[in-house]
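Predicted structure and sequence below. I'll ask about it afterward.
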There are 2 protein chains.
Amino acid sequence: MTIITAVDTFDIRFPTSITLDGSDAMNPDPDYSAAYLIVRTDSSDGLEGHGFVFTIGRGTEVQVAALDALRDYLVGEDLDDLLRDMGGISRRLIHDSQLRWLGPEKGIMHMAIGAALNALWDLRAKRAGEPLWLHLSRMSPEELVSLIDFRYLTDALTEDDALEILRRAEPGRAERIERLRAEGYPAYTTTPGWLGYSDEKLERLSREAVADGFGQIKLKVGGDPADDARRLAIARAAVGPDIRIAVDANQRWDVPVAIDRIRELAAFDLAWIEEPTSPDDILGHAAIARAIAPIRVATGEHVQNRIVFKQLLQAGGMGIMQIDAARVGGVAENIANLLLAAKFGVPVCPHAGGVGLCEAVQHLSMFDFVAVSGSMDERMIEYVDHLHEHFATPVHVAGGRYLAPTAPGAGTEMLRASIAEHTWRRSAAAS
Amino acid sequence: MTIITAVDTFDIRFPTSITLDGSDAMNPDPDYSAAYLIVRTDSSDGLEGHGFVFTIGRGTEVQVAALDALRDYLVGEDLDDLLRDMGGISRRLIHDSQLRWLGPEKGIMHMAIGAALNALWDLRAKRAGEPLWLHLSRMSPEELVSLIDFRYLTDALTEDDALEILRRAEPGRAERIERLRAEGYPAYTTTPGWLGYSDEKLERLSREAVADGFGQIKLKVGGDPADDARRLAIARAAVGPDIRIAVDANQRWDVPVAIDRIRELAAFDLAWIEEPTSPDDILGHAAIARAIAPIRVATGEHVQNRIVFKQLLQAGGMGIMQIDAARVGGVAENIANLLLAAKFGVPVCPHAGGVGLCEAVQHLSMFDFVAVSGSMDERMIEYVDHLHEHFATPVHVAGGRYLAPTAPGAGTEMLRASIAEHTWRRSAAAS
């Protein structure tokens, strides 16, 4: 029997606001951060589970306090019991009635629960000696369905629907695993397009993206309309007509403004428009999608849970689903999101960047390819070349593709030295 | 010049789970709690601003940590500046880009911001020597509109719409203030209907509610269907045909189940069905509302912000708006919600109960009557007779009506002795 002996938490912050990496219309000066946890056990195998919530600076200490609040649910528990029934522990945390009041299923408490569950998934994959994408891809449709919380989904996705989708993909699994190992998974890059970068830096990084083999880049928009148009013109000239350019407004606009602004930018041949308005505005996304078709609306990095994803699909407000590894209630809720996307025939192109989001989310896209959608068509994982050096198993992106991870675990483990060096101390920051 | 010198925070918990007060289908054993703050200044007037987030036990310490995170935004600030432009400080906190990432505009961080803003409103009303409802009711339409954050609302409610609504109600303000002082505001009671109460207690409390002058009671449903029907039959027999009975499922059902269950209970002549499913499921509420008309769907106590309220109205998913004083971003966001309700012609019947919610929300309904909707028709404030004794200016409910508060402030001030006695200490609770 293996017992969880500790849940250690950390407030980790990187001073990215100095270089304006990550700057956009709503987040002018983020300090990329993580509320981080390590699950330790009494096993002689020495394995730990690592998970985190990606944050952007102030308030990370509150996110850490939410991780601390979960300690009592994990420490002292039988690890084998928990890992055998990951659907059970997901439901126990997400539907704890007293914690649920603080969301429900949204915001700081929900993200903390997601991080804790992801740490358990990391530990489970490590114990199995498999990278998470492969570990999930080897589970039976029935076991995968047992992970999912169908509450509030059954008007759009039932257990039978989920089983049918997973069983349909079962025959080709082995072949797709080999294909992933051989070819990797397509990526696109946001590195050139941060709003705080100069025109020269934008142009240079756009050319480099093409040279590096990316078939799509993404630009931040939502500032002054003339600036958006000028920057898009620079990028389009730099990459040529065959490279796709997506734009991302980071929730900057109201619905009528979004429609006007996207129509003004349509001449630049947009791959998609991302987060045109509030992530809570399902009807607004649907109105925008109708008005700007055939340009597709992409969203998801701030979508709070499967219930909002469900409605964005039902309403036709989301042509590209951008799951995030650290926003919702962990791996299991993201599997529900992948199944919803498959049911509605919408491709999933995850949000990444930040701290460790690329490392984490690649596993979900690869699992989607092997066991859910069975397709890489129109699918890409976002790539940003920040902060990978702090992770024990950083992503490998080459030729515009994510190479399939081979190390056991969920990719979420930060280096001990990085944790120590970047643990935030209020007094040090103030001095 | 008056400077804010301190923001003191408290984790306050009452052991209500012992008596099952507040028990429902989703919250079987709440410990009614509050993450509480006091804003102190260097003024010789000795006035303090009090505010809180209502919680139900575990995790309240995380909510307190979120209040603590706001200290740097308030301490050292010029109070007169802040209170002169409450719209400005609302936007500064709600749109702080780094804090916003933790929502956005939802969950623990948004509720903390709401509590801090409500504490400033309490202080502003105390300095004016007026109860908050009267203080708000004396503000000009232009000043009220300056409070509101129209971001993400303009496809449903513009600044001009808001001004028109407020100006239309202006002529009758003085008369309605007098009417409120003379007659109070209608209440309904949830006291009889908690799910954990015995049939005998339900029957006795239902009779008492009628004797006390209430025209409506509310019962919790969402447990076993036979239990729901039996309890409704008992309550209907106890109150007779002329008293309205609302039912509240506390988010227990999926959409198809909700429709079936409500149809089964329709024979008991329901005033409304409250929270039939997830508060995030706008399209689900609309589908339920269409299926069960003319029974109305009521929701709001868990609605995270004005953006979701907007859509519930746009989609026809909410026939009764149940604002909550401590869920959204404070008084100003609730004024936006009241204006949305007025624009769509939906009555507002606030959620109350918990800790101090009756004390706080009565001010918003009374302001709505005086300056927004101009009507009490079909409008009632929820009443539950718990924990009022802990407040400095507890509600006065008599003859089934809330009497208009006369004490200066927002009603949110807890007694010093109650704060001291019920401040939660982990070690004490564990022993």
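Received, thanks. Residues are numbered from 1 along each chain as shown, chains lettered A, B, ... in the order given.

what is the mean pLDDT for stretch A:180-195?
Averaging pLDDT along stretch A:180-195 yields 95.

cool, stretch A:210-230 as well?
Mean pLDDT, computed over stretch A:210-230, is 96.

buried sites along that stretch?
Within stretch A:210-230, the residues scored as buried using 16 or more other CB atoms under 10 Å in any protein chain shown are A:V210, A:D212, A:F214, A:G215, A:Q216, A:I217, A:K218, A:L219, A:K220, A:V221, A:G222, A:D228. In this view, the C-beta of every residue, glycine as well, is placed from N, C-alpha and C.

Which pair of the residues you listed spans the longest distance?
Taking every pair in those and measuring CB to CB, the maximum separation is 26.0 Å, between A:D212 and A:G222.

if you go through the stretch 251-400 of chain A in chain order, where are the helices?
A:255-265, A:282-292, A:306-314, A:330-344, A:357-367 (DSSP state H, counting those that start in this stretch).

I meant to write the stretch 101-250 of chain A there.
Secondary structure of the stretch 101-250 of chain A (DSSP H, counting those that start in this stretch): helices at A:107-128, A:132-137, A:141-147, A:159-169, A:173-183, A:199-211, A:225-239.

out of the ones you listed, nearest to B:T19?
helix A:107-128 (26.1 Å).

So is that closest one next to chain B?
Yes. Against chain B, helix A:107-128 shows contacts by CB under 8 Å from any CB of the partner chain at A:G107, A:I108, A:M109, A:H110, A:M111, A:A112.

Show me the domain layout of chain A.
Residue ranges for the domains of chain A, per automatic domain parsing: A:4-138, A:173-417.

The last one and chain B in contact?
So the one you mean is domain A:173-417. Yes. Using CB under 8 Å from any CB, domain A:173-417 reaches chain B at A:251, A:254-257, A:277-284, A:287, A:302, A:304-305, A:307-308, A:310-311, A:314-315.

First-to-last residue distance for that domain?
38 Å (CA to CA, to the nearest Å).

Looking at the helices of the stretch 251-400 of chain A, which one is packed in the most?
A comparison of the helices of the stretch 251-400 of chain A by mean neighbour count, using mean count of other CB atoms under 10 Å in any protein chain shown, puts helix A:357-367 on top with a mean of 27.

That one versus helix A:173-183: what angle between them?
Inter-element angle recorded for helix A:357-367 and helix A:173-183: 140 degrees (by axes from the mean of the first three to the mean of the last three CA atoms, to 10 degrees).

Give the other helices and strands that helix A:357-367 contacts.
helix A:132-137, strand A:185-193, helix A:330-344, strand A:381-383, strand A:401-402 (3 or more CB pairs under 8 Å, 6 or more residues apart in numbering or on different chains; DSSP states H and E).

ok, 7 Å please
Packing contacts for helix A:357-367, counted by 3 or more CB pairs under 7 Å, 6 or more residues apart in numbering or on different chains; DSSP states H and E, involve helix A:132-137, strand A:185-193, strand A:381-383.

can I get the ones you listed in TSV with mean neighbour count and distance to B:S17?
Output for the helices and strands packed on helix A:357-367, formatted as TSV (neighbours: other CB atoms under 10 Å in any protein chain shown; distance: least, CB to CB, whole Å):
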stretch	mean neighbour count	distance to B:S17
helix A:132-137	24	38
strand A:185-193	24	48
strand A:381-383	25	45
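
can I get the CA coordinates of stretch A:85-99 in CSV?
Extracted as CSV, the C-alpha positions of stretch A:85-99 are listed here (Å, rounded to 0.1, in the frame of the first residue of the first chain):
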residue,chain,number,x,y,z
ASP,A,85,-10.6,5.3,-9.9
MET,A,86,-9.5,8.7,-11.2
GLY,A,87,-13.2,9.5,-12.1
GLY,A,88,-14.1,9.0,-8.4
ILE,A,89,-11.5,11.4,-7.0
SER,A,90,-12.4,13.9,-9.7
ARG,A,91,-16.0,13.9,-8.7
ARG,A,92,-15.2,13.9,-5.0
LEU,A,93,-13.2,17.1,-5.3
ILE,A,94,-15.3,18.9,-7.9
HIS,A,95,-18.6,18.1,-6.2
ASP,A,96,-17.5,18.6,-2.6
SER,A,97,-20.5,20.7,-1.7
GLN,A,98,-18.7,23.2,0.5
LEU,A,99,-15.8,23.9,-1.9
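
Could you pull up the mean pLDDT of it?
96.

Stretch A:62-76 now?
Averaging pLDDT along stretch A:62-76 gives 98.

what's it in contact with?
Outside of stretch A:62-76, the residues within contact range by CB atoms under 7 Å, 6 or more residues apart in numbering or on different chains are A:3-7, A:9, A:11, A:35, A:37, A:39, A:53, A:55, A:93, A:108-109, A:111-113, A:115-116, B:58-59, B:61-62, B:65-66, B:69, B:102, B:108-109.

repeat for stretch A:322-329
The contact list for stretch A:322-329 (CB under 7 Å, 6+ apart) reads A:52-54, A:90, A:94, A:105, A:110-111, A:113-115, A:117, A:298-302, A:305-306, A:334, A:337, A:348-351, A:357, A:360-361, A:364.

lowest confidence element among the helices and strands of chain A?
Counting by mean pLDDT, DSSP states H and E, chain A has its least confident helix or strand at helix A:426-430, which shows a mean of 53.

re the thing from before, A:D29 is nearest to which of the helices and strands packed on helix A:357-367?
Closest approach to A:D29 among those (CB to CB): strand A:185-193, 16.6 Å.

Adjacent strands (with direction) for that closest one?
Strand A:185-193 pairs in its sheet with strand A:216-220 (parallel), strand A:381-383 (parallel), strand A:401-402 (antiparallel), by DSSP bridges.

Next, count neighbours for A:G46.
8 (other CB atoms under 10 Å in any protein chain shown).

Could I get the contacting residues of it?
By CB under 7 Å, 6+ apart, the contact set of A:G46 is empty.

Please, which helix or strand holds it?
Secondary structure assigned from DSSP states H and E places A:G46 in neither a helix nor a strand.

Pull up the gap between it and A:L123, please.
11 Å (CB to CB, to the nearest Å).

A:L93 touches A:G114, doesn't it?
No. Between A:L93 and A:G114 there is no contact under CB atoms under 7 Å: 9.2 Å.

Among the residues of helix A:107-128 next to chain B, name the buried ones.
Judged by 16+ other CB under 10 Å, buried ones among the residues of helix A:107-128 next to chain B: A:G107, A:I108, A:M109, A:H110, A:M111, A:A112.

Spatially nearest residue to the residue of chain A found nearest chain B (excluding sequence neighbours)?
Using CB to the nearest CB, A:G107 is the residue of chain A that sits closest to chain B, at 1.7 Å. Nearest residue to A:G107, sequence neighbours excluded (CB to CB, 6 or more residues apart in numbering or on different chains): B:G107, at 1.7 Å.

A:P394 now?
Nearest to A:P394 is A:H388, by CB to CB, 6+ apart, at 3.9 Å.

now do A:I3
A:D42 (5.0 Å).

quick one: the residue of chain A closest to chain B from B:A249, how far?
23 Å.

Mind listing residues that contact stretch A:15-22?
Contacts of stretch A:15-22 (CB under 7 Å, 6+ apart): A:D29, A:P30, A:D31, A:Y32, A:W194, A:G196, A:Y197, A:H386.

Next, give phi and psi for the fifth one.
According to degrees, to the nearest 10, the main-chain angles of A:W194 amount to phi -60, psi 140.

Make sure it is actually in contact with A:K218.
No. Look at A:W194 against A:K218 with CB under 7 Å: they stay out of range, at 9.9 Å.

Could you tell me which residues touch both of these two?
With CB under 7 Å, 6+ apart, A:W194 and A:K218 have no common neighbours.

Max pairwise distance over the contacts of stretch A:15-22: which two?
The two members of the contacts of stretch A:15-22 with the most space between them (CB to CB) are A:D31 and A:Y197, at 17.4 Å.
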